[in-house]
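starting from these lines, generate the structure:
(one chain, ligands or ions: 1)
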Amino acid sequence: MKILVPVKRVIDYNVKVRVRQDGSGVETVNVKMSMNPFDEIAVEEAIRLQEAGRAEEIVAISIGAPQCQETIRTALAMGADRGILVETEQDLEPLGVSKVLRECVDRESPDLVIMGKQAIDDDCNQTAQILAGLLDWPQGAFASTLKFSDGRVDVTREIDGGLETLSLLLPAVISADLRLNEPRYVKLPNIMKAKKKPLDTIPIEELGIDVAPRVSTIKVEEPPARSGGIMVASVEELVDKLKNDAKVI
Ligand code: AMP
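As a prediction, the model looks like this:
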């Protein structure tokens with residue numbers, strides 16, 4: 001099996017995100033960037049499949065600025081075999097990303113695309129679903145367990161109030177949920193080895209795809225500041241305030 005893993009460079013999840021003064025978006029200058037955490041889970045799952053003898057090759061792919069090479073190198077250090085950067089300075093919408101990924105799927109012919117369920121910067125949760133639609137492939141979104149057998153994969157998904165298990169015919173698109181696995185730490189020797197792994201760069205213009213934005217951001221705002229709490233003297237006073245002031249019970 002050949003696996004394609006899209007990996008997105010996003011603001012590190014430990015960073016407190018600041019909104020730009022003009023409200024046009026969030027500040028990314030001099031901000032620590034990392035691989036989207038759900039994509040780390042996707043890379044880890046691909047590596048586990050390779051270690052179990054189910055996958056021959058793992059290709060990590062990122063779409064974005066030249067700095068996305070660092071994100072791809074992280075995937076290579078974790079264990080991916082090869083990287084592709086589709087280079088663009090433009091921030092693509094999920095539709096644009098999916099069109100680029102479809103082109104990469106056409107070129108690479110993977111048996112499986114496994115990606116994050118959501119990028120933590122835009123919280124779109126759209127790309128896997130759009131990609132599956134464009135490819136006309138089955139999709140297993142929010143996967144928490146995968147089981148492969150005879151050209152199929154059983155995907156267990158966490159849904160409201162329980163678990164759902166689907167059987168998908170390969171090739172398929174899968175998006176990783178938090179509980180699929182716990183990604184490994186990258187060891188220093190592997191970071192050194194990753195520097196020698198192949199990483200191709202394709203300028204986005206070469207693909208001849210329409211990635212023009214369809215959506216414009218009107219405004220980005222900080223959440224309202226929380227007002228401080230108050231101390232109450234007794235449970236009775238607390239119940240009274242919840243009932244009569246906050247009106248929540
Ligand atoms: P989203 O639909 O934006 O929440 O993203 C879902 C998933 O799509 C991410 O977890 C990534 O696996 C993939 N993805 C989105 N944007 C990119 C990108 N620019 N480069 C590579 N993968 C991406």
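
what residues does the protein put near the ligand?
Contact residues, the chain versus the ligand (Cβ under 6 Å from any ligand atom): 6-8, 36, 38-39, 62-64, 92, 94, 97, 115-116, 118-119, 122, 124-128. Bear in mind the C-beta positions are built from the backbone N, C-alpha and C, glycine included.

try it again at 5 Å.
Applying Cβ under 5 Å from any ligand atom, we find that the chain lies next to the ligand at 6, 8, 36, 38-39, 62-64, 94, 97, 115-116, 118-119, 122, 124-127.

run through who's touching stretch 14-24.
Stretch 14-24 has contacts (Cβ atoms under 8 Å, 6 or more residues apart in numbering) with 11, 25, 26, 27, 31, 32, 217, 219, 220, 221, 222.

any idea which residue of the chain lies closest to the ligand?
With Cβ to the nearest ligand atom, the shortest gap between the chain and the ligand falls at residue 116, namely 2.3 Å.

touching, that residue and residue 39? I think so.
Yes: Residue 116 is within contact range of residue 39, at 4.2 Å (criterion: Cβ atoms under 8 Å).

anything in contact with each of the two?
Shared contacts of residue 116 and residue 39, defined by Cβ under 8 Å, 6+ apart, comprise 6, 8, 176.

just those residues: which are in strands?
Judged by DSSP state E, strands contain the following of those: 6, 176.

any of the shared contacts of residue 116 and residue 39 buried? List them.
When the shared contacts of residue 116 and residue 39 are checked for burial by 16 or more other Cβ atoms under 10 Å, the buried set is 6, 8, 176.

and the helices in the chain, which stretches?
Counting by DSSP state H, the segments of the chain that form helices are 37-51, 68-78, 94-108, 127-135, 188-194, 235-244.

packing partners for the longest strand along the chain?
For the chain, the strand with the greatest residue count under DSSP E is strand 139-149. Judged by 3 or more Cβ pairs under 8 Å, 6 or more residues apart in numbering; DSSP states H and E, strand 139-149 is in contact with helix 37-51, helix 127-135, strand 152-159, strand 162-169, strand 172-176.
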